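K.L.:
Sharing a model prediction with you, sequence too.
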Amino acid sequence: MGSKQQAWAPICCSLVAVFLVTTTMSCKGAGGLDEQEASLFVDSSKSRQIPQTLFGIFFEEINHAGGGGLWAELVSNRGFEALVNNTPTIEPWSIIGDESSLHVMADRVSCFTKNTVALRMEVLCDNCPPGGVGIYNPGFWGMNIEEGKAYNLVMYIRSSDSVDLTASLTCSRPSSALQNLASAPIQDINVSNWTKVELQLLAQGTCRTARLDLTTFKRGVLWLDQVSLMPSDTYKGHGFRKELMHMLLELKPQFLRFPGGCFVEGNWLRNAFRWKETIGPWEERPGHYGDVWNYWTDDGLGYYEFLLLAEDLGTLPVWVFNAGISHNDGVNSSMVTPFVQDVFDGLEFARGSADSTWGSVRATMGHPKSFPLKFVAIGNEDCDKEFYQENYLEFYNALKEAYPDIQVVSNCENSSGSLGRPADLYDSHIYSNAIDVFLMKSKFDRTPRTGPKVFVSEYAVNEPKDAGQGNLLASLAEAALLTGLETNSDIVQMACYAPLFTNDNDRRWNPDAIVFNSWQHYGTPSYWMQTFFRESSGAMIHPVQITSSYSDSLAASAITWNDTENSFLRVKIVNFGSHAVNLTIRATGLQASTAVNTMASRLTVLTYSNVMDENSFSNPNNVVPIIRELPNAAEETHALLNPYSLTSFDLALEQKAGVV
């Protein structure tokens, strides 16, 4: 655990580095303000390794992050099971035709025991209108269909008569008739019993707001159920939207916390995330109403897929499970045993052998190898709720007896005193205005170095006047916080931003790291800020000291990290003020054998002329990091820092010629 006095160990190479940094904006041009002077000292002779797990990501089903987002399913309410405020609805399905030609209704005749609702469609017309009658699904604010790509359609049909149905991808364009992008017939098959039909639709055009049509000219009654449309080119064929996965991979996350957040608890326990209801064949998953964020999810992105997502990202899963508590109800320790057993079953599903009861279910789903699940969180933001303290001990004691290697996260904060309960880590959620978040760079300076480690499992500037929909100001305050987490990484073991995703059509929380719609996406400045820290996990951190009358507006950290070819000393500096800064960077405790490779050194800056500026679909690269070479890299440098900026100096280190 260590003491408050950090033990710094010498490293193999050290360096004094200072550069001339030129930028596109001078301090005078930014508002005619005088430049400030500051010196930054890096003690390269002292170091400590940052935990390999320090920076990761947190996924919650909020803002349609999964359904209609990362999970590539194009059909919304594919099983006709959706509830809104506990009221059944077939929305967003709509009819093609009118009530004189077609009648549709929900009917509890499905062949799936957990999904009893199917759609009954009665065609009333003998001479149906051109194009036929039927139903259509617009997906999640429109389906993105791209020319030349294939889309896999699966659905279940039942009828006492033969069917003559056409499945089509269509596009409604302004001032024009409905355009057909792809179609395939379904006919001449016996569907007297529920029959699974699989088709592939090859798009002959592109439309960002397309829909799926199921139409017929044939009079009669038929039933439809579990209608799914997936792109054929998802990430590794695992169902994840490729471009959004690439955004996550760019962050190089060391862990994935899932599936929430408040989504885990629910406003009421009946609507909490239940992992067992989210595994197995997708057709058998009942889905549930996420009553915290007020929308239905079919749970195609379930417990298994979250574990698979962590594996695809090359990162560690962190499972947040329900502690028998929601926002409005809960059970006490005398009734929590079924919840404890449920967690044990979930661990066996992830970690158990393919011969175990729940491990065999995982194997049947296509993953005989176990998942490396070693971190679990008992609840989310539940510390002050009735029953949490007693329930927590029931979970903790049982887990530690059966799985001694499991790292358990408590919801109770311990940054200023004793936790009063055993734990490996404890949650700390940081949401506030920009100034407060900037000042939290020192939040953990005085945290006791004994006891549980810190997991900052949610952080962001979220006050609307400061954050907007994700701007430069918020990202700089958050960057300052992260430099403090690096400095205190002897006690802070993990940290992640929240929320990760938002569908632009359903912003339930602002701001977010990544914004998307059916076909576009961009990173907010807070997303790009995190890329400055993606090499920090597992790196060596060095103590820094800033000397300046302006130091209250600065935050900094220094690490040594390696890529496949070079070792780098990275100095990150946040200028959170309106003044430009003439900065002198010096390092002490250097080894004479080390030199700077000027050809491989570089500078990265995140800044803009307006600190409240954001990115958007029309201008996704408005506020993004700019990378430059450092041709003047030397042993001592003076750097001009832009007002309101995050700057990273990557100084490539190499052994001097002839030195062994």
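P.N.:
Received it, and whenever you're ready, just let me know what you need.

K.L.:
I'd like to know how many residues surround residue 200.
P.N.:
Around residue 200 there are 11 other residues, counting by other C-beta atoms under 10 Å. (C-beta placed from N, C-alpha, C; glycine too.)

K.L.:
A strand includes it, no?
P.N.:
Yes - counting by DSSP: H, G, I helix; E, B strand; the rest coil, residue 200 is found in a strand.

K.L.:
and it, how far is that from residue 493?
P.N.:
47 Å (C-beta to C-beta, to the nearest Å).

K.L.:
what's the answer for residue 72, then?
P.N.:
33 Å.

K.L.:
try residue 198
P.N.:
46 Å.

K.L.:
which of these two has more neighbours?
P.N.:
residue 493 (23 against 9).

K.L.:
so where is the chain shaky, pLDDT-wise?
P.N.:
1-33, 175, 415-418, 589-594, 596, 633-635, 655-660 (pLDDT under 70).

K.L.:
where exactly do the helices run in it?
P.N.:
Shown for the chain, the helices assigned by DSSP state H span residues 242-250, 262-265, 303-313, 337-351, 357-364, 388-402, 434-439, 464-467, 472-487, 525-531.

K.L.:
Highest mean neighbour count out of those?
P.N.:
Most buried of the helices of the chain by mean neighbour count (mean count of other C-beta atoms under 10 Å) is helix 472-487; its value is a mean of 27.

K.L.:
Now that one - C-alpha only, CSV.
P.N.:
Provided in CSV are the C-alpha atoms of helix 472-487 (Å, rounded to 0.1, in the frame of the first residue of the first chain):
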residue,chain,number,x,y,z
LEU,A,472,-12.5,22.8,-25.0
LEU,A,473,-13.0,24.3,-21.5
ALA,A,474,-14.4,21.1,-20.1
SER,A,475,-11.6,19.0,-21.7
LEU,A,476,-8.9,21.1,-20.2
ALA,A,477,-10.3,20.9,-16.6
GLU,A,478,-10.6,17.1,-17.0
ALA,A,479,-7.0,16.9,-18.3
ALA,A,480,-5.8,18.7,-15.2
LEU,A,481,-7.7,16.2,-13.1
LEU,A,482,-6.0,13.3,-14.9
THR,A,483,-2.5,14.8,-14.3
GLY,A,484,-3.4,14.7,-10.6
LEU,A,485,-4.6,11.1,-11.0
GLU,A,486,-1.3,10.2,-12.6
THR,A,487,0.6,11.9,-9.8
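
K.L.:
shouldn't residue 505 be in contact with residue 64?
P.N.:
Yes - here residue 505 reaches residue 64: they are 7.4 Å apart, a contact under C-beta atoms under 8 Å.

K.L.:
joint contacts of those two?
P.N.:
Residues touching both residue 505 and residue 64 (C-beta atoms under 8 Å, 6 or more residues apart in numbering) are residue 140.

K.L.:
Of those two, which one has the most company?
P.N.:
residue 64 (25 against 14).

K.L.:
For that one, what are phi and psi?
P.N.:
The phi/psi pair for residue 64 (degrees, to the nearest 10) reads phi 50, psi 40.

K.L.:
which non-adjacent residue is nearest it?
P.N.:
residue 503 (4.0 Å; C-beta to C-beta, 6 or more residues apart in numbering).

K.L.:
which residues are in contact with stretch 326-333?
P.N.:
262, 265-269, 271-272, 292, 324-325, 339, 385-387, 390-391, 393-394.

K.L.:
can you give me the strands for the stretch 451-600 of the chain?
P.N.:
For the stretch 451-600 of the chain, applying DSSP state E, counting those that start in this stretch gives strands covering 453-461, 492-497, 501-503, 514-516, 521-523, 540-542, 544-547, 554-562, 567-575, 581-588, 594-596.

K.L.:
can you tell which of those is closest to residue 247?
P.N.:
Judged by C-beta to C-beta, the one of those that comes nearest to residue 247 is strand 514-516, at 5.4 Å.

K.L.:
Tell me the strands beside that closest one, with direction?
P.N.:
Strand pairing for strand 514-516, using DSSP bridges, gives strand 501-503 (parallel), strand 521-523 (antiparallel).

K.L.:
chain center to it, what's the gap?
P.N.:
Between the centre of strand 514-516 and the centre of its chain there are 10 Å (C-alpha atoms, centre = their mean, to the nearest Å).

K.L.:
TSV for the strands of the stretch 451-600 of the chain, including distance to residue 365?
P.N.:
Compiled in TSV, the strands of the stretch 451-600 of the chain are given as follows (distance: least, C-beta to C-beta, whole Å):
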stretch	distance to residue 365
strand 453-461	28
strand 492-497	27
strand 501-503	24
strand 514-516	27
strand 521-523	29
strand 540-542	41
strand 544-547	48
strand 554-562	37
strand 567-575	41
strand 581-588	52
strand 594-596	51
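
K.L.:
nearest to residue 622, of those?
P.N.:
Of all the strands of the stretch 451-600 of the chain, strand 521-523 comes closest under C-beta to C-beta, at 8.9 Å.

K.L.:
Need the contact partners of the closest one.
P.N.:
Residues contacting strand 521-523 (C-beta under 8 Å, 6+ apart): 243-244, 247, 513-516, 615-617, 620-621, 624.

K.L.:
7 Å - rerun?
P.N.:
The contact list for strand 521-523 (C-beta atoms under 7 Å, 6 or more residues apart in numbering) reads 243-244, 247, 513-515, 615-617, 620.

K.L.:
Now list the buried members of these.
P.N.:
Neighbour counting with 16 or more other C-beta atoms under 10 Å marks 244, 247, 513-515, 615 as buried within the contacts of strand 521-523.

K.L.:
Now flag whichever of those residues is closest to residue 546.
P.N.:
Among the buried ones among the contacts of strand 521-523, and counting by C-beta to C-beta, the member closest to residue 546 is residue 513, at 28.2 Å.

K.L.:
Chain neighbours aside, what residue packs nearest to the closest one?
P.N.:
Of all residues not flanking residue 513 in the chain, residue 527 sits nearest, at 4.3 Å (C-beta to C-beta, 6+ apart).

K.L.:
pretty sure the one you found contacts residue 516?
P.N.:
No - using C-beta atoms under 7 Å, residue 527 makes no contact with residue 516, being 11.6 Å away.

K.L.:
who touches both of these two?
P.N.:
Contacts common to residue 527 and residue 516, judged by C-beta under 7 Å, 6+ apart, are absent.

K.L.:
Now do stretch 273-286: distance from first to last residue.
P.N.:
Stretch 273-286 has an end-to-end distance of 12 Å (C-alpha to C-alpha, to the nearest Å).

K.L.:
Kindly report the same for stretch 101-113.
P.N.:
Across stretch 101-113, first to last residue, C-alpha to C-alpha, it's 31 Å.

K.L.:
All further residue positions should be reported with the first residue as 92.
P.N.:
Got it, first residue is 92 now, which makes that one stretch 192-204.

K.L.:
neighbouring contacts of that stretch?
P.N.:
171, 179, 181, 186, 207-216, 219-220, 224, 226, 285, 314, 316-317, 374-375.
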